[in-house]
Structure formats: structure tokens, C-alpha cells
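Peer 1: quick one, fold the following:
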Amino acid sequence: MNKKIKILGIVGSLRKDSFNKALMNYALSVKLDNAEIEVADISQIPIFNQDLESQVPESVKTFKAKIKEADAILISTPEYNYSIPGGLKNAIDWASRPYGDNSFDGKIVGMMSGSGGNIGGARAQYHLRQVFVFLNMHPINKPEVIIPMIHEKIDENGVLTDERTKKKIEEFL
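Peer 2: Take a look at the predicted model:
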């Protein structure tokens with residue numbers, strides 16, 4: 001009996017109608033024979049404060065446990081100000097602390113990004129890769145899922161409609 005690979009999805013945008021949430025929702029809909037995806041909610045994670053490391057909030061404990069249980073991580077994030085959203089960086093900071101208890105250590109990680117511009121979130125992925133080096137994570141390098149002009153590929157209900165983007169996500173998964 002083969003064990004299914006457990007993938008923990010993390011959406012970098014907290015916005016209700018996030019385009020990157022639509023990418024993750026499409027990933028959830030893809031039939032995977034050997035894997036299952038669960039998405040973590042980072043919206044309730046408070047701003048990181050090292051003074052609170054000895055009193056870790058329950059939302060952080062839950063997030064860290066889900067990461068540790070996962071075989072791999074899948075991040076879908078927009079690019080904010082040439083980098084990653086603050087909420088995503090905050091969640092990563094909490095999950096990698098305190099020193100010596102890095103929940104991400106040794107995890108395989110995949111990235112998807114979509115943005116309204118022509119670069120599709122590539123700079124956010126570049127910054128994530130820099131963070132992954134310190135966290136001892138192993139990024140999937142190809143195929144890259146970088147979606148420019150994402151607002152043209154999601155309908156008014158938040159559903160991914162672009163067939164080329166769907167195929168790229170399926171190939172990636």
C-alpha cells in the first residue's frame with residue numbers, strides 16, 4: 001500500500017478574492033493519484049514577536065504542526081512591492097522559530113505566483129528562494145508557475161479559466 005504524499009498549501013494573500021487563492025483552489029481540484037493537498041489558514045497568525053516565543057499562540061502551534069506533518073509545501077503568492085506579502089513572511093517567521101525548531105527543515109517546496117503585471121510574481125518567488133536557503137528547504141525548480149496578467153485568467157467568481165495556466169499547474173503538480 002502506497003502512502004499518499006501530504007502537501008500543505010499556503011496562500012500568501014489574505015484577500016478574500018485573491019487571485020493566488022484561485023490558483024490554489026485549482027490545484028486542490030486537480031486529481032492526484034499519489035498526493036493530497038490541504039490548505040493552511042495563515043490569517044489568524046499574529047505579528048511575530050520574539051518575546052512571545054515562550055507563549056506560542058494556538059494558531060501558530062496548529063500551523064507548525066501542519067507543516068511538520070506535511071511531506072511537501074505548496075505556496076501560491078502574489079508579489080507585493082517587489083517581494084512577498086508581509087502576512088506570508090510573518091507566517092514563515094513564526095513557523096521557523098524558536099531557533100532550533102524550524103518546522104520547514106528539509107521540506108520540499110513548490111511555488112506558484114500570479115500578478116496583474118507582466119512579471120507574474122517572479123520577484124516574490126526569487127525572495128522566497130532566498131528564505132528557503134536559510135530554512136533548509138528544497139524548492140522545485142521546474143516547471144515554474146509564474147502567471148502574468150492573472151486578472152485576465154480568473155472569472156468574476158474567482159475561478160481559474162485560462163486553459164494554458166491550468167495545464168501548467170497540472171504539469172507542476
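Peer 1: can you tell me the element the residue nearest the centre of the chain falls in?
Peer 2: The chain has residue 75 as the residue nearest its centroid, 1.6 Å off, counting by C-alpha atoms, centre = their mean. Here residue 75 sits within strand 72-77, counting by DSSP states H and E.
Peer 1: neighbouring contacts of that strand?
Peer 2: Contacts with strand 72-77, where a contact means C-beta atoms under 8 Å, 6 or more residues apart in numbering, come from 5-13, 20-21, 23-24, 27, 35, 37, 67, 84-85, 88, 104, 107-114, 121, 124-125, 128, 137. Every C-beta, even on glycine, is put in place using the N, C-alpha and C of the backbone.
Peer 1: mark which of these are buried, thanks.
Peer 2: Buried by 16 or more other C-beta atoms under 10 Å: 7-13, 20-21, 23-24, 27, 37, 67, 84-85, 88, 104, 107, 109-114, 121, 124-125, 128, 137, out of the contacts of strand 72-77.
Peer 1: before we move on, back to that, which ones among the contacts of strand 72-77 are found in helices?
Peer 2: Among those, DSSP state H puts 20, 21, 23, 24, 27, 67, 88, 124, 125, 128 in helices.
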